[in-house]
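S.K.: What shape does this take:
(one chain, ligands or ions: 2)
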Amino acid sequence: MCKVTIDGMAVEVPEGSTILDAAKLAGVDIPTLCYMAKINEIGSCRACVVEVEGQDGLAAACNTPVFDGMSVRTATPRAISARRQNVKTILAGHRSECTTCKRSGTCALQNLANSLGVADLERDPVFAFEAWDGEFPLQRDATKCIRCMRCVAECAKVQHCSVWEMSGPASYRGVRVADGAHIADAGCALCGQCITHCPTGALTARDDTGNVLAALADPQTITVVQVAPAIRSAWGEGVGLAREQATQGRMVAALRALGFDYVFDTDFGADLTIMEEANEFIEWVKGGKPRPMFTSCCPGWVRFAKLHYPQFAAQLSSSKSPHQMLGATAKALLFEQAAEQGKRIFVVSVMPCVAKKYEAGVPQLSSEAGQDVDAVLTTREFDRMLRMFNVDCAALPEQKFDDPLGTSTGAGTIFGRTGGVMEAALRSAAFFLTGENPDFSTCDTTAATPDKPWVDKTLEIAGMQLRIAIASGLENTSALLDALESGEASYDFVEIMACPGGCVGGGGQPIAFNQELARERAAVLNSLDGADVLRYSHENPDIAALYERLYEHPLSEKAEKLLHTDQLT
Ligand code: HC1
Ligand code: SF4
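M.R.: Ligands and ions are numbered 1, 2, ... in the order given. Have a look, this model is predicted:
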């Protein structure tokens, strides 16, 4: 242990700790910009410089280790002047268009420059422009990149994709797509984690609010919106609501306030996915197909598997993801009404995810009725639309989803956190096999560690020993896939979510720079599941009614046509 003094306060920290760690323990705030704990501790932005007693130069708090007896001053005039100068230097090469930037308000550079009172900027006259494919769901504006390397580290170390690199001649050195590739060919899973970890507006998701506004304004269009499980845990963050104010009922009212004709729940789609996927899993096991079967509702994971581990692609469940199932079903149910009125149907999904923008456009996920889903908005775009429409969210009444695609179960709700899909699927698979609702929880998903980055369990169901595993985050996923490949591990059913923590931590969620938030958001979903009178997808009365009206039974011919896809193989 080292005894350290921070601004006169004595703290004791383990050897190897940084000044920033010690300051946190002392309750002293030091600003940071490029820093991400354990992932990007490079000290390049120098926003965290402090004075160390007895040393001439200033030290970067984020990566300077403490020593016994060290005394640090974090807010001296010299340190603050240096921080101001360092931020000025960063701003000189940054296209500051704060009035129109999507990250205005959540930009770490803007906040830091403001709090340091930085003024009198000298602009660097040359900006690095690069061509970018405006259709790709991940968008980049190099003129806002501050070379903090957060995206490079996040993509390589947490998401195993290494899409970004620092390259170019000294005079023009910057972050670029690795090996000069087009972004569409760069192995990007579209998880969006580089976006949520970018401190500025250099990385964003494609803005689809214009298409949605056009559909809402068109009297010849029936507009349907559906909202993902994880949105109810986070939508209030971008419109200034406290967690207890941001209820599911208010979220429904907020969507109605935007003018959608029908407000449906992707949780219903999740229940439908469970009906199909649980039965698919039972057939998979009985048919002796190669194990494991992988869940496929996360399009970031599906892209990752196809791009980086194609040998496993044939083992992905053929069940479409919940929002695709719900889109296809809504179009089938509203088809006659639309035809009578001479209108078109436009389905919008509000998702915590960037890869869903890609998934909606995959040609194999369309039918005669067109794309299952016509547009995908992230949580951030949804919140932006609420601000655009000047919706007073705190004053909204509690409202219910529309029928018949609005009633869901707790099993559908927990899809939004890591482990939820597995748990929901096994709640129903066990019922289908035994005729009784099981009373088990699958795995404690918080138990993953750097040494064992996934969690697993063996469950006995109907006399069968089923080995299950759950991973979130693509670096963790690759460790699991490598273990499967080498034979070091073997499972029957595996759930993967591309984003750490699952959809609650999705790349389309509000920007927060707070790793703990995914857990807080997951707790919201768990409490909704716990409080729900319906906790098993097969007990959803509207699911039973839908099979009677449209799909007959799980895995029927009609269900195979609208609810499954072979696009994965
Ligand atoms: Fe998800 Fe899913 S849980 S993928 O994480 O299967 O995005 O929330 O909507 O479709 O239901 C996301 C969340 C979401 C789908 C469901
Ligand atoms: Fe990497 Fe994900 Fe960003 Fe793609 S979206 S570049 S995979 S972090």
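S.K.: what about the one residue sitting closest to the centre of the chain, distance to Q193?
M.R.: With distances taken as CA atoms, centre = their mean, the residue of the chain nearest its centroid is G506 (0.8 Å). According to CB to CB, to the nearest Å, G506 stands 9 Å off from Q193. From N, CA and C alone the C-beta is placed, and that goes for glycine too.
S.K.: interface residues of the stretch 151-300 of the chain facing ligand 1?
M.R.: Within the stretch 151-300 of the chain, the positions lying close to ligand 1 (CB under 6 Å from any ligand atom) are 228-230, 266, 269-270, 297-298.
S.K.: now these as a markdown table including pLDDT?
M.R.: Rendered in a markdown table, the data for those read as follows (pLDDT from 0 to 100):
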| residue | pLDDT |
| --- | --- |
| A228 | 98 |
| P229 | 97 |
| A230 | 96 |
| T266 | 98 |
| G269 | 98 |
| A270 | 97 |
| C297 | 96 |
| C298 | 98 |
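S.K.: need the contact list for whichever residue of the stretch 451-569 of the chain sits closest to ligand 2.
M.R.: When distances are taken as CB to the nearest ligand atom, the stretch 451-569 of the chain approaches ligand 2 most closely through G507, which lies 6.2 Å from it. Counting by CB atoms under 8 Å, 6 or more residues apart in numbering, G507 touches 190-196, 205, 300, 352-355, 499.
S.K.: cool, T200 as well?
M.R.: Shown in contact with T200 (CB under 8 Å, 6+ apart): 94, 103, 107-110, 144-146.
S.K.: among those, which two are most distant?
M.R.: Q110 and C145 (14.7 Å; CB to CB).
S.K.: When these two are compared, which one has more neighbours?
M.R.: The neighbour comparison of Q110 against C145 (other CB atoms under 10 Å) goes to C145, with 23 against 20.
S.K.: I'd like the distance between T247 and K558.
M.R.: When distance is defined by CB to CB, T247 is 36 Å away from K558.
S.K.: Between the two, which has more neighbouring residues?
M.R.: Using other CB under 10 Å, the more surrounded residue of T247 and K558 is T247, with 17 against 13.
S.K.: hang on, isn't that one packed against Q399?
M.R.: No. Here T247 lies out of contact with Q399, judged by CB atoms under 8 Å, at a distance of 10.0 Å.
S.K.: which sections of the protein are below the confidence cut-off?
M.R.: Counting by pLDDT under 70, the ranges of the chain that qualify are 124-129, 513, 515, 567-569.
S.K.: Could you list the domains of it?
M.R.: In the domain annotation for the chain, the residue ranges read 2-90, 93-205, 262-342+391-563 (automatic domain parsing).
S.K.: okay, these, which one's buried deepest?
M.R.: Sort the domains of the chain by mean neighbour count, taking mean count of other CB atoms under 10 Å, and domain 262-342+391-563 sits at the top with a mean of 20.
S.K.: what about that domain, how long is it end to end?
M.R.: Its first and final residues considered, domain 262-342+391-563 spans 21 Å by CA to CA, to the nearest Å.
S.K.: Contact distance from ligand 2 - what residues of the chain qualify?
M.R.: By CB under 6 Å from any ligand atom, the residues of the chain that approach ligand 2 are 138, 154-155, 159, 161, 163, 188-194.
S.K.: With secondary structure as extra columns, can I get these in a markdown table?
M.R.: Listed next are the residues of the chain next to ligand 2 as a markdown table, based on DSSP: H, G, I helix; E, B strand; the rest coil:
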| residue | secondary structure |
| --- | --- |
| L138 | strand |
| E154 | helix |
| C155 | helix |
| Q159 | coil |
| C161 | coil |
| V163 | coil |
| C188 | coil |
| A189 | coil |
| L190 | coil |
| C191 | coil |
| G192 | coil |
| Q193 | helix |
| C194 | helix |
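S.K.: quick one: which two of those residues are the most distant?
M.R.: Set against one another by CB to CB, these have their most distant pair in E154 and L190, with a gap of 13.7 Å.
S.K.: Which one of the residues in the stretch 51-200 of the chain is closest to ligand 1?
M.R.: Counting by CB to the nearest ligand atom, the stretch 51-200 of the chain gets nearest ligand 1 through G192, at 10.0 Å.
S.K.: got the contact list for the host helix or strand of I222?
M.R.: Taking DSSP states H and E as the criterion, I222 maps to strand 221-227. Defining contact as CB under 8 Å, 6+ apart, one finds that strand 221-227 is touched by 215-216, 251-252, 255, 258-266, 269, 323, 326-327, 330, 334, 337-338, 341, 343-350, 405.
S.K.: what are the pairing partners of the helix or strand containing V376, and which direction each?
M.R.: In this assignment (DSSP H and E), V376 forms part of strand 375-378. Using DSSP bridges, the neighbouring strands of strand 375-378 in the sheet come out as strand 344-351 (parallel).
S.K.: And the contacts of the strand it pairs with?
M.R.: By CB under 8 Å, 6+ apart, the residues outside strand 344-351 that reach it are 212, 215, 220-228, 231, 255, 260, 266, 323, 327, 330-331, 334-335, 338, 356, 360, 369, 371-379, 381-382, 503, 506, 508.
S.K.: Buried subset of these as a PyMOL selection?
M.R.: Per 16 or more other CB atoms under 10 Å, the buried members of the contacts of strand 344-351 correspond to this PyMOL selection:
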select buried, resi 212+215+221+222+223+224+225+226+227+228+231+255+260+266+323+327+330+331+334+338+356+360+369+371+372+373+374+375+376+377+378+379+381+382+503+506+508
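S.K.: can you pull out the helices in the stretch 51-200 of the chain?
M.R.: If you assign secondary structure with DSSP state H, counting those that start in this stretch, the helices in the stretch 51-200 of the chain sit at 77-92, 108-116, 150-153, 193-197.
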